[in-house]
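[1] pasted the sequence and its predicted model underneath.
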Amino acid sequence: MSKIISLIIRNYITFLKKLSDLSLIIFFSIFFIFCEQAKKSDIQAGNFIRINPGETMEQILFKAANVFPSPRQYAWQKMEFIAFVHFGMNTFMDREWGEGDYDISLFNPTELDARQWARVCKEAGMKMIIMTAKHHDGFCLWPSKYTTHTIQNTPYRDGKGDLARELSQACQEAGLKFGVYLSPWDRHEPTYGDSPVYNEFFRNQLTELLTNYGEIAEVWFDGACGEGPNGKRQVYDWQSYYQLIRKLQPNAVIAIMGPDVRWVGTESGYGRETEWSVLPDNNLNVDQIAASSQQQPVDGAFIPGDLTAADLGSREKLQNATSLIWYPAENDVSIRPGWFYHHQEDSRVKTPAKLVDIYDSSVGRNAVLLLNLPPDRRGLIHENDVQALKGMRHLLDETFKINFVENSSVKASNAKRGNSASYIIDQNEKNYWTTDDGVDSAWIEFHLTKEQSFDRAMLQENILVGQRIEKFRLEYWAENQWHELASATTVGYKRLLRFPIITTAKVRLVIEKSRTSPSLAAFGLFKAPPEVKFEPESGSFVDSMPVQLLCDTQNSTIYYTLDGSPVTEKSNIYSQPITLNQTTTITALAISADGKKSLPISVQYNKARYGILLKSKFDQKYAAGGTLALIDGVRDSHGFDDGRWQGYEGADLDAVIDLGKIRNLQRISTGFIQNIKSWIFMPNSVKYAVSVDGKDYTFLGEVKNDVSEKEEKPTIKSFELKIQNISARYVRVIAKNRAICPDWHPGAGSKAWIFADEIVVE
Ligand code: FUL
């Protein structure tokens, strides 16, 4: 019996020992899972998280990498490209900022067609239209009950007009979202500055807009807070505005002076190279957040602040953060220089290539592009703007229609179970690649089905798990080794990269640094459509002139016409330089071997008394009528922007004048204007050289600038070289641009302009 008992006891002890080994394992497993869970649950805060005092940089970074957009922010980000429409009394007064003191019976857009606006935006690939329901002049495009300063008291549709209704319906029909810009600053409303009263007035207007026009997807608040008609300043009750919006339109994002979407900080269309959507929010009222259980970035706690600095979300910026929020950037820019329509800007609409560049530098830099299209006085988006947008869409569609990695084989240095690298190219946005916990750098190789030529790349993180990638590079395989193709910092929702055309069958993406396991939802390699170039790019001539047509993509066919008619695949095929003997417009189009079409381009070459060949390029916005501007006899106007001055941004002016035959010269000069408020400086110097045959030049002399770079008054100077009896047919003029604005100037480091009006040779 005792044996049996001792056996039982022994077995029991062994069992207990085993059990304790096992329980240790179980205990530690549970503990580990618990810790991981605790770590995770600690970061399950959505688009906001608090940093606890004493947390290490590593903990802060881990938190930052796990903040993600709210559903409304995510839906907004996915729109990528949206429209702004600035329209109102300013359109009819030719103003940018109105005071609200003008006769509103002048508002009468007789051909207004909101469906045209929606059609143009839809065809351009935009997903929403935000309308200036009320700009700073207080004029309302909807019949607000709370003021008489509205569309109702204008001749438009006999006082029955309501643009919020017309546009919201047109958007709905076209499948676009609708948003409103409502300026808190109201230069007309008498209660402005009487803070509680005006706040109530403003909330009433918001209520009208948010209840009567269906779904509103974005409410845009500008930060301007100037004086009202009575000279008083208003204290805006932002938090009550936010609460109202959340109540009436819970899916709407509140932008700029609001907690969901931030201003990128410039109106140029060019976002930051490094753009984090997760920022330290030191503008939040942290006590209020605490009082609201720390779960959400409480709208009531959001205090609008200035977020325009170059660096907003780097490690350095996160170091002293008390909380972090998902606060993505919106990049607003106008298709013309002004926000409102001005007839004199009809020729200054951004070109398709410029718009694509802006797209790459906004959507392609983790921001949403909000492009302004100002309807004209007819109430229509002007033909020039429509053309530019069509061109932009053409270039984007042609670029992104074939993704060369689509059927490639993909392998990664590391992949978490269930997040394989092949998800990057599976076209399902829910699937994404990521690495095992603790693996913060990785590479992914794409083996294409065959050699391909491309010049664009696209990356997308899965921002639903957070923004993580801090640094990456792209490499291609050639001559048995990897070569760097491009590199950048952040990715976020989308990153677009441009590089010179590369032909290869193997590409490697190296993620060098990430805040935690990097993720990638999509990757693409693309080829932009071919581009036709003319050599010389522009010019006028005395007798005849040869023009060459070039294309940046090999094996492309160039078609052209010489009579101003549209170019098609049935037009002449270019094979050798074209000799012009009379004023001619050449229109050309290139089609690459893979069927991609360039935009057709037209250049007019003039036969004139004197010829001019521009070796440098003037800015299209300040063309002063084109190539002949510098020899057209128009001189010395005082405003740089009156269409008579030719502008060169960051570039020299380099021109050759052909006098037609050898002449005796007594005087050579070139006129320039300085207007430092508009970043226009005198050239450092102007050099002159002459030639009898257009080949060998003799240097004549250099005229140095003597106008102070700090001279604020617009100043005109003629850079005249004293000469006597010089015989020559060709005169070369080189005006040296200082290239960048000086340190003391508000534009320090940015490109400086030179503006010339005339080269005089006598
Ligand atoms: C600015 C306004 O003052 C401009 O007029 C324009 O509406 C732009 C989008 O926002 O701050």
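    In hand now; what should we look at? Bear in mind the structure is a predicted one, so any value in this text is a computation, not a measurement.
[2] CA atoms for contacts and neighbours, from now on please.
    Fine.
[3] so Ser727 bridges to which residues?
    On the basis of DSSP bridges, Ser727 is bridged to Asn664.
[4] could I get the contacting residues of it?
    662-665, 692 (CA atoms under 8 Å, 6 or more residues apart in numbering).
[5] buried ones among these?
    665, 692 (16 or more other CA atoms under 10 Å).
[6] hmm, which two among the contacts of Ser727 are most spread apart?
    Leu665 and Val692 (12.0 Å; CA to CA).
[7] now for the two: what residues contact both?
    With CA under 8 Å, 6+ apart as the test, Leu665 and Val692 both reach 727-728.
[8] nearest residue to Cys352 in space, please, no chain neighbours.
    Just to correct that, residue 352 is Pro rather than Cys. Met392 (4.3 Å; CA to CA, 6 or more residues apart in numbering).
[9] equivalent analysis for Lys710, please.
    Per CA to CA, 6+ apart, closest to Lys710 is Ile676, 7.4 Å.
[10] cool, Lys177 as well?
    Met128 (4.3 Å).
[11] contact partners for the one you found?
    Met128 neighbours (CA under 8 Å, 6+ apart): 79, 81-83, 121, 171, 176-179.
[12] in those residues, which residue is surrounded by the most others?
    Gly179 (30 neighbours; other CA atoms under 10 Å).
[13] roughly how far apart are Pro337 and Cys551?
    30 Å (CA to CA, to the nearest Å).
[14] among these two, which residue is more densely surrounded?
    Using other CA under 10 Å as the criterion, Pro337 and Cys551 rank with Cys551 on top: 19 against 16.
[15] and the residue nearest to Pro352, that one's in a helix?
    Yes. Assessed by DSSP: H, G, I helix; E, B strand; the rest coil, Met392 belongs to a helix.
[16] count of neighbours near it?
    Neighbour count for Met392, taken as other CA under 10 Å: 24.
[17] show me where pLDDT drops low in this structure?
    1-45, 282-305, 636 (pLDDT under 70).
[18] which parts of it belong to which domain?
    80-277+328-382, 409-526, 532-607, 611-761 (automatic domain parsing).
[19] export those to CSV and tack on distance to Ala310?
    As requested, these are arranged in CSV below (distance: least, CA to CA, whole Å):
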stretch, distance to Ala310
domain 80-277+328-382, 7
domain 409-526, 14
domain 532-607, 34
domain 611-761, 13
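[20] quick one: closest of those domains to Thr56.
    When the domains of the chain are compared (using CA to CA), the closest one is domain 409-526, at 13.6 Å.
[21] figure out how far the closest one is from the centre of its chain.
    23 Å (CA atoms, centre = their mean, to the nearest Å).
[22] same question, stretch 118-130
    On the basis of CA atoms, centre = their mean, stretch 118-130 sits 16 Å off its chain's mean C-alpha point.
[23] got it, and stretch 543-562?
    31 Å.
[24] and the contacts of that stretch?
    Outside stretch 543-562, the residues touching it (CA under 8 Å, 6+ apart) are 530-536, 567-574, 576-582, 584-593, 607, 660.
[25] just those: which are in helices?
    Using DSSP state H, no member of the contacts of stretch 543-562 falls in helices.
[26] neighbours of Ser408, how many?
    By other CA under 10 Å, neighbour count at Ser408 equals 17.
[27] can you tell me the closest non-neighbouring residue to it?
    In space, Ser408 is closest to Leu448, 4.4 Å off (CA to CA, 6+ apart).
[28] next, the buried residues of the helix or strand containing Ala756.
    In this structure, Ala756 sits in strand 753-761 according to DSSP states H and E. Neighbour counts over strand 753-761 (16+ other CA under 10 Å) mark 753-760 as buried.
[29] still on that earlier bit, closest one of the contacts of Met128 to Asn320?
    Of the contacts of Met128, the one sitting nearest to Asn320 (CA to CA) turns out to be Met79, at 32.9 Å.
[30] give me the buried positions along the helix or strand where Leu496 lies.
    Using DSSP H and E, Leu496 sits in strand 495-514. Using 16+ other CA under 10 Å as the test for burial, strand 495-514 gives 495-498, 501-502, 504-514.
[31] just checking, Ser408 touches Phe446?
    Yes. Assessed by CA atoms under 8 Å, Ser408 is found in contact with Phe446 at 6.1 Å.
[32] next one: Asn331 from Trp185, what distance?
    21 Å.
[33] meant to ask about Ser441, not that
    Distance from Ser441 to Trp185, by CA to CA: 48 Å.
[34] same drill for these two, tell me which one is more crowded.
    Between Ser441 and Trp185, counted using other CA under 10 Å, Trp185 has the larger neighbour count: 26 against 21.
[35] ok, now which ones touch that one?
    Counting by CA under 8 Å, 6+ apart, Trp185 touches 135-136, 138, 192, 224-228.
[36] cool, Lys127 as well?
    79-83, 121, 175-177.
[37] now do the helices in this protein.
    According to DSSP H, the helices that the chain contains are 2-43, 57-64, 71-79, 89-93, 114-124, 163-174, 195-212, 238-248, 286-291, 315-318, 352-360, 383-400.
[38] out of the contacts of Met128, which one sits closest to Leu396?
    Relative to Leu396, the closest of the contacts of Met128 is Phe81; by CA to CA it sits at 12.1 Å.
[39] so what's that closest one bridging to?
    Leu369.
[40] ok, the closest residue in space to Ser514 that isn't next to it in sequence - contacts?
    Nearest residue to Ser514, sequence neighbours excluded (CA to CA, 6+ apart): Ile469, at 4.3 Å. Contacts for Ile469 (CA under 8 Å, 6+ apart) come out as 461, 489-492, 511, 513-515, 518-519.
[41] buried subset of these, written for ChimeraX?
    Of the contacts of Ile469, the buried ones can be selected in ChimeraX as follows, counting by 16+ other CA under 10 Å:
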select :461,489,490,491,492,511,513,514,515,518,519
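[42] how about the contacts of Ile469 in JSON lines, adding distance to Gly54?
    Formatted as JSON lines, the contacts of Ile469 follow (distance: CA to CA, whole Å):
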{"residue": "Glu461", "distance to Gly54": "30"}
{"residue": "Thr489", "distance to Gly54": "28"}
{"residue": "Thr490", "distance to Gly54": "27"}
{"residue": "Val491", "distance to Gly54": "29"}
{"residue": "Gly492", "distance to Gly54": "28"}
{"residue": "Ile511", "distance to Gly54": "30"}
{"residue": "Lys513", "distance to Gly54": "24"}
{"residue": "Ser514", "distance to Gly54": "23"}
{"residue": "Arg515", "distance to Gly54": "19"}
{"residue": "Pro518", "distance to Gly54": "26"}
{"residue": "Ser519", "distance to Gly54": "28"}
